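J.: When you get a sec, could you give me coordinates for this:
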Amino acid sequence: MTDASDPADPGTPEDRTAPVPRTPRSEVRERLLAAGSRVFAEQGVHEARLDAVAAAAGFSKGAVYSNFSSKEDLLAQVMQRATNRVLQSLQELIRIDISAADVGDVVRAAFGRHDQSAEFALLSELRAYAIRHPEFMPEFIRQRRTLQDGVRELVHTWFTAHPEVDPGMPLDTFATILIATNSGMVFDAPALDGMNPGDAVATMVEAVLRPR
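T.: Got it, this is the predicted structure:
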């Protein structure tokens, strides 16, 4: 009989069970943020419960409180993630198409990269929450200004690479109009009977630009 202390003893099946690897904290946060984006957009910020966010991410509610101090903290980080994703997508597009001579084509490509409906649903919920909870409004404003500043920077980058193109207005104004037009087109998309928002915004841009 083999002694239990013998190193050669394989032990019981329980002893041989390998420990389950711990999910990295960065992955836990990303899964919670992605789940929060979906749940807040689908259920509304007010109605959404943190245990629903945790379940959608595949974790217990404790995981939410281990990574975020409150529902408002999670909400702010969800909005930060959405802002970063939009800017990263646009930055990549500008890097790829910086030599493109037709900014209308760049706008169409930006719209064609992803469906904005889910993103806009989340933004609408965040905006409504900020209206009803004034304490969250400064964070909402900060995030929107981050997005606006990022788009302005990209507009300046493109026009610096294309001095032969006249935007017909100050570049900061051009960037502001792009953002506002995009938001308005996505908002009204269900009532526009098949109109492609990307084509509409690009057509507006092409009507304004002219060669120097």
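J.: okay, CA-based contacts and neighbour counts for the rest of this
T.: Noted.
J.: Stretch 84-101: how far from the chain's middle?
T.: 15 Å (CA atoms, centre = their mean, to the nearest Å).
J.: tell me which residues in that stretch are buried?
T.: Asn84, Val86, Leu87, Leu90, Gln91, Leu93, Ile94, Asp97, Ile98 (16 or more other CA atoms under 10 Å).
J.: so where does the fifth one fall, helix or strand?
T.: Taking DSSP states H and E as the criterion, the element that holds Gln91 is helix 71-97.
J.: list the helices and strands that helix packs on?
T.: helix 25-43, helix 103-112, helix 117-132, helix 137-161 (3 or more CA pairs under 8 Å, 6 or more residues apart in numbering; DSSP states H and E).
J.: part of a helix, is Ser69?
T.: No. In this structure, Ser69 is coil, not part of a helix, as judged by DSSP: H, G, I helix; E, B strand; the rest coil.
J.: what about it, distance to Ala161?
T.: 44 Å (CA to CA, to the nearest Å).
J.: Who has more neighbours out of these two?
T.: Ala161 (13 against 10; other CA atoms under 10 Å).
J.: what's the distance between that one and Leu154?
T.: In terms of CA to CA, Ala161 sits 11 Å off from Leu154.
J.: Could you give the number of residues near Pro138?
T.: That count, for Pro138 with other CA under 10 Å as the rule, works out to 11.
J.: Next up, the contacts around it.
T.: Residues near Pro138 by CA atoms under 8 Å, 6 or more residues apart in numbering: none.
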